[in-house]
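sequence and predicted structure below; questions after.
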Amino acid sequence: MVLLVISMILTSSSNDVYQFTFTSIDGKQVNLAQFKGKKLLIVNTASECGFTKQYAGLQELAEKYGDKVVVIGFPANNFGGQEPGSNEEIKGFCEKNFGVTFLLAEKSSVKGDDISPLFKYLTDTENADFTGEVKWNFEKFLIDEQGNLVHRFRSKVEPMSDELLSKL
């Protein structure tokens, strides 16, 4: 099965995020192609980071602008061990502390030798802002309605900031 998925990705003629699938925090397969026609905001998250409070802003953004953008959080333990919990613990933390209802992926790697294929694609793809590896938790990748990475925001950019909202 893994070979088939890798083969599909390698032979895909698509050069957008719609070629990727991931596993949700609940263990379900999610194909990004199901979101064609909407913007995506993909964010690497962590529960024990100085930016963790941004979960609240991401939830607010998902509630206010859910008709035009899908928020997807990717918990990652790549920076300072700030996401040590299991998928179940992460989900419980997000729901209890921030009322998170937006889509969360299972814990993933966003840099290094074990980087997920999606984040490898996102960090290598040219866009209006910058390319290169993720520097810290809560970096944000804005994908347009056709599946193209159009903007990237560093951790300090708040989800409900004018800087980000003006790009929706």
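Alright, I've got the coordinates. Residues are numbered from 1 along each chain as shown.

what ranges of the chain fall below the confidence cut-off?
Counting by pLDDT under 70, the ranges of the chain that qualify are 1-14.

strands of that one, start to end?
Secondary structure of the chain (DSSP state E): strands at 21-23, 29-31, 39-45, 69-75, 103-104, 140-143, 149-153.

need the ones you listed in a markdown table with mean neighbour count and distance to P84, can you?
For the C-beta atoms, the positions are set from N, CA and C on the backbone; glycine is no exception. Below are the strands of the chain laid out as a markdown table (neighbours: other CB atoms under 10 Å; distance: least, CB to CB, whole Å):
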| stretch | mean neighbour count | distance to P84 |
| --- | --- | --- |
| strand 21-23 | 16 | 19 |
| strand 29-31 | 12 | 24 |
| strand 39-45 | 25 | 13 |
| strand 69-75 | 24 | 10 |
| strand 103-104 | 22 | 16 |
| strand 140-143 | 24 | 22 |
| strand 149-153 | 20 | 25 |
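
of all these, which one is nearest L61?
Evaluated with CB to CB, these place strand 69-75 nearest to L61, the distance being 6.0 Å.

list the helices and strands the closest one packs on?
Applying 3 or more CB pairs under 8 Å, 6 or more residues apart in numbering; DSSP states H and E, we find strand 69-75 packed against strand 39-45, helix 54-65, helix 87-98, strand 103-104.

so what are the sheet partners of that strand and their directions?
strand 39-45 (parallel), strand 103-104 (parallel) (DSSP bridges).
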